[in-house]
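Student: predicted model, plus sequence, below.
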Amino acid sequence: MSKKVLIVGGVAGGASTAARLRRMDEKAEIIVFEKGEYISFANCGLPYHIGEVIQKRSKLLLQTPQKMKSRFNIDVRVKNEVLAIDREEKKVKVKDLRSGEEYFEDYDYLVLSPGAKPIKPPIEGIDGKNIFTLRDIPDTDRIKGFVDQNKPKEAVVIGGGYIGVEMVENLHERGVEVSLVELAPQVLGPIDYEMASHLHNHMRDKGVKLYLSDGVQAFGDEGNKKVVKLNSGKEIVVDLVVTSIGVTPNNYLAKEAGLELGVRGAIRVDKYLRTSDSSIYAIGDAIEVEDFVTKDNSHIPLAGPANKQGRIVADNIVEGNKSKFEGSQGTAIAKVFDLTVAGTGNNEKQLKDKGIDYIASYTRANNHAGYYPGAVSMMIKLIFGPEDGRLLGAQIVGEDGVDKRIDVLATAIRFERSVFDLQELELAYAPPFGSAKDPVNMAGFTAGNILKERMDIIHWNQVEDLGDESIILDVRDPNELEFGGIDGAINIPLNDLRSNLDRLDSDKEIVIYCAVGLRGYIGARILMERGFDKVKNLAGGFDLYQEVSKDKG
């Protein structure tokens, strides 16, 4: 007997479920309801169409109802909104938004893929003119249409998440002077502050005005201009406002149907992506997932997991509950002007909140062999367990080659590997593409040295607490001092260290640093081998310390 499957919502999860279901079951009756006009579009590409990096709007449209019908024999009903679920009768109430007609459709299985909706806080004036939110194709059309027709000179983006930061760059591409307002002390909350400081400094260098640790109190009007009034008392006068404050699970249908909800109101599902009703599955940005690293319940709205969940649900409807979703680790990447930032697993803030012990290390390495033209560096941060070195998280900021390194690290986390396993990886090498010791290997060596107690470290935020009982030793070459240094440090270049040991008091703690940490490690080993037993190397070197100091002003 053929199954009748209703799918609420398209885009990543719903469209993937429908296509996979048809490939697995030619006889199933499949109906997809989408209250918007578009069944499947490239959500993550929307800012780049506004910035005209993606010039053709049609490139954003991945599937149409006509294509889904002709290729997969799927009944796709756009501009049809599901209003309610009758679990007892196993049917849904639907409204055709074009005709206004309401009707019922029964089901054997129901798949909820309603996504998430933008957070809209009750700020005075937030519904005023020239204030936009970016979530879908119509939003994109409105923003791009405004920019095309009005040629705004100044804009403000509210919210420094991935979409917010991408909107900053793409408005800048259109010649708009952009300000960014973020309530938190940093952009991109999934990465830690010191890594975000690289982005802050780079964005400022591009002319972006950052208002961090500040929020919007009210929106007002001044002629044709918008006045953005901040909690700090500052006011920004602009032509255009884009809000990107975050998203919340679109749980209305599930909540009204009495389905169990979890963290942040997301729909609670089991390993098979079933809701508390065994005939109803849920996927995508609307559901609660398991944090792969900590095994806690979480809400991690990302396109990659949503697509995988769609396949899993389709398989489970056809074959019974055999396929499991093993959780999400939040792997993400973003372009921020000339930099790339990426992260996977947990950050320090998350681990502290959960009371999980960890160690963090930093390594700066080139994307490919230094002697091959065009080499640029990247900063890799590893977060790992203090006992076994198991990877708990990783973050990278750099210009090139970040994507393939974060993918390697994401794979290592998925298979629960340690920093010592990173040392053993055999990764592709040729001068244009990498180094004989890849940055991932180097990050593993650095972390392994810490765990094996071959080196003790101190972090950037601990330097200010050093007192007279500590000596700060700068082992950079004299010509590097013109780039700055840590107050109170004495300079002994690494190559001269052995002949100047008498200048150091072995009874005191010695904190050693260089530009990025490698020479500091070599210097620390020299001192330790010569009987100094209280030696620490500054993790990430002066470069990281300076980035944070510059960001703080």
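Tutor: Here it is on my side, so go on. Numbering: from 1, shown residues only.
Student: check which helices and strands the biggest helix by length in the chain sits against.
Tutor: Ranked by residue count under DSSP state H, the longest helix found in the chain is helix 303-319. On a contact count with 3 or more C-beta pairs under 8 Å, 6 or more residues apart in numbering; DSSP states H and E, helix 303-319 meets helix 11-24, strand 109-112, strand 280-282. Heads up, the C-betas are built off the backbone N, CA and C, glycines and all.
Student: for these, which one ends up most surrounded?
Tutor: Greatest average neighbour count among these goes to strand 280-282 (a mean of 28), per mean count of other C-beta atoms under 10 Å.
Student: now do the longest helix of the chain, average pLDDT.
Tutor: For helix 303-319, mean pLDDT is 95.
Student: quick one: distance of it to the chain centre.
Tutor: 22 Å (C-alpha atoms, centre = their mean, to the nearest Å).
Student: ok so, going back, which of the helices and strands packed on helix 303-319 sits closest to residue 76?
Tutor: Set against residue 76 and scored by C-beta to C-beta, the helices and strands packed on helix 303-319 come closest in helix 11-24, at 7.8 Å.
Student: can you name every helix or strand that that closest one contacts?
Tutor: Using 3+ C-beta pairs under 8 Å, 6+ apart, helix 11-24 sits against strand 4-8, strand 29-34, strand 40-41, helix 65-72, helix 303-319.
Student: so which of the helices and strands packed on helix 303-319 gets nearest residue 314?
Tutor: Among those, helix 11-24 sits nearest to residue 314 (C-beta to C-beta), with 3.7 Å.
Student: quick revisit: want to throw the helices and strands packed on helix 303-319 into a markdown table with distance to residue 239 and mean pLDDT?
Tutor: Shown next, in a markdown table, are the helices and strands packed on helix 303-319 (distance: least, C-beta to C-beta, whole Å; pLDDT from 0 to 100):
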| stretch | distance to residue 239 | mean pLDDT |
| --- | --- | --- |
| helix 11-24 | 30 | 92 |
| strand 109-112 | 39 | 98 |
| strand 280-282 | 40 | 98 |
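Student: hmm, back to that, okay, the angle between the helix or strand following the longest helix of the chain and helix 303-319?
Tutor: Next in sequence after helix 303-319, counting helices and strands by DSSP states H and E, comes strand 332-336. Angle of strand 332-336 versus helix 303-319, following axes from the mean of the first three to the mean of the last three C-alpha atoms, to 10 degrees, is 150 degrees.
Student: setting aside sequence neighbours, what's the nearest residue to residue 533?
Tutor: Leaving aside its chain neighbours, residue 533 sits nearest to residue 506 (7.7 Å; criterion: C-beta to C-beta, 6 or more residues apart in numbering).
Student: now do the contacts for the one you found.
Tutor: 531-533 (C-beta atoms under 8 Å, 6 or more residues apart in numbering).
Student: check residue 446 too.
Tutor: Here residue 446 is in contact with 361-363, 382, 517, 521 (criterion: C-beta under 8 Å, 6+ apart).
Student: quick check: which ranges of this protein have low pLDDT?
Tutor: 1 (pLDDT under 70).
Student: how does it look with 80?
Tutor: Along the chain, segments meeting pLDDT under 80 span 1, 11, 40, 62-63.
Student: quick check, central residue of it?
Tutor: Note on the chain: the residue nearest the mean C-alpha position is residue 332, at 4.1 Å, using C-alpha atoms, centre = their mean.
Student: would you agree that one is in contact with residue 345?
Tutor: No. If you go by C-beta atoms under 8 Å, residue 332 and residue 345 don't touch, sitting 10.9 Å apart.
Student: rewinding a little: mind giving me the ChimeraX select for the contacts of residue 446, buried ones only?
Tutor: Selection of buried members from the contacts of residue 446 for ChimeraX, criterion 16 or more other C-beta atoms under 10 Å:
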select :361,362,363,382,517,521
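Student: could I get the contacts of residue 446 as JSON lines with secondary structure?
Tutor: Converted to JSON lines, these look like this (DSSP: H, G, I helix; E, B strand; the rest coil):
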{"residue": "361", "secondary structure": "strand"}
{"residue": "362", "secondary structure": "strand"}
{"residue": "363", "secondary structure": "strand"}
{"residue": "382", "secondary structure": "strand"}
{"residue": "517", "secondary structure": "coil"}
{"residue": "521", "secondary structure": "helix"}
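Student: can I get the contacts of residue 446 in CSV including distance to residue 450?
Tutor: Formatted as CSV, the contacts of residue 446 follow (distance: C-beta to C-beta, whole Å):
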residue, distance to residue 450
361, 6
362, 11
363, 11
382, 10
517, 11
521, 10
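Student: and the two most separated of the contacts of residue 446?
Tutor: Using C-beta to C-beta, the pair of the contacts of residue 446 lying farthest apart is 382 and 521, separated by 15.1 Å.
Student: how much space between residue 136 and residue 61?
Tutor: Relative to residue 61, residue 136 is positioned 12 Å away (criterion: C-beta to C-beta, to the nearest Å).
Student: ditto for residue 327
Tutor: Separation of residue 327 from residue 61 (C-beta to C-beta): 31 Å.
Student: how far away from the center of its chain is the one helix or strand residue 94 maps to?
Tutor: According to DSSP H and E, residue 94 maps onto strand 91-96. How far strand 91-96 lies from its chain's middle: 36 Å, per C-alpha atoms, centre = their mean.
Student: beta partners of residue 158?
Tutor: Applying DSSP bridges to residue 158 gives these bridge partners: residue 181, residue 243.
Student: I figured it hits residue 216, correct?
Tutor: Yes. Between residue 158 and residue 216 a contact is recorded at 5.8 Å, counting by C-beta under 8 Å.
Student: give the residues shared as contacts by those two.
Tutor: Residues touching both residue 158 and residue 216 (C-beta under 8 Å, 6+ apart) are 181, 228.
Student: so the residue nearest to residue 533, which of the three states?
Tutor: Reduced to three states by three-state DSSP, residue 506 is coil.
Student: helices or strands up against whichever strand or helix holds residue 341?
Tutor: For residue 341, the element it lies in under DSSP H and E is strand 339-345. Packing partners of strand 339-345 (3+ C-beta pairs under 8 Å, 6+ apart): helix 193-205, strand 332-336, strand 391-398, helix 402-414.
Student: C-terminal to the first one, what's the next element?
Tutor: Following helix 193-205 in sequence order, the next helix or strand is strand 209-212 (DSSP H and E).
Student: roughly how far out does the helix or strand just after that following strand sit from the chain middle?
Tutor: Note on strand 209-212: by DSSP H and E, the next helix or strand toward the C-terminus is strand 216-222. How far strand 216-222 lies from its chain's middle: 29 Å, per C-alpha atoms, centre = their mean.
Student: identify the bridge partners of the nearest residue to residue 107 once chain neighbours are set aside.
Tutor: Ranked by C-beta to C-beta, 6+ apart and with sequence neighbours excluded, the top spatial neighbour of residue 107 is residue 6, at 4.3 Å. For residue 6, the beta-bridge partners under DSSP bridges are residue 31, residue 110.
Student: residues contacting residue 6?
Tutor: So residue 6 contacts 31-33, 92, 105, 107, 109-111 (C-beta under 8 Å, 6+ apart).
Student: next one: residue 53
Tutor: The contact partners of residue 53, by C-beta under 8 Å, 6+ apart, come to 170, 173.
Student: assumed it was part of a helix.
Tutor: No. Counting by three-state DSSP, one finds residue 53 to be coil, located in no helix.
Student: now do the same contact list for the residue nearest to residue 286 when sequence neighbours are not counted.
Tutor: Computed as C-beta to C-beta, 6+ apart, the closest residue to residue 286 that is not its neighbour in sequence is residue 249, at 4.6 Å. Residue 249 is in contact with 116, 264-267, 285-287, 299, 301, counting by C-beta under 8 Å, 6+ apart.
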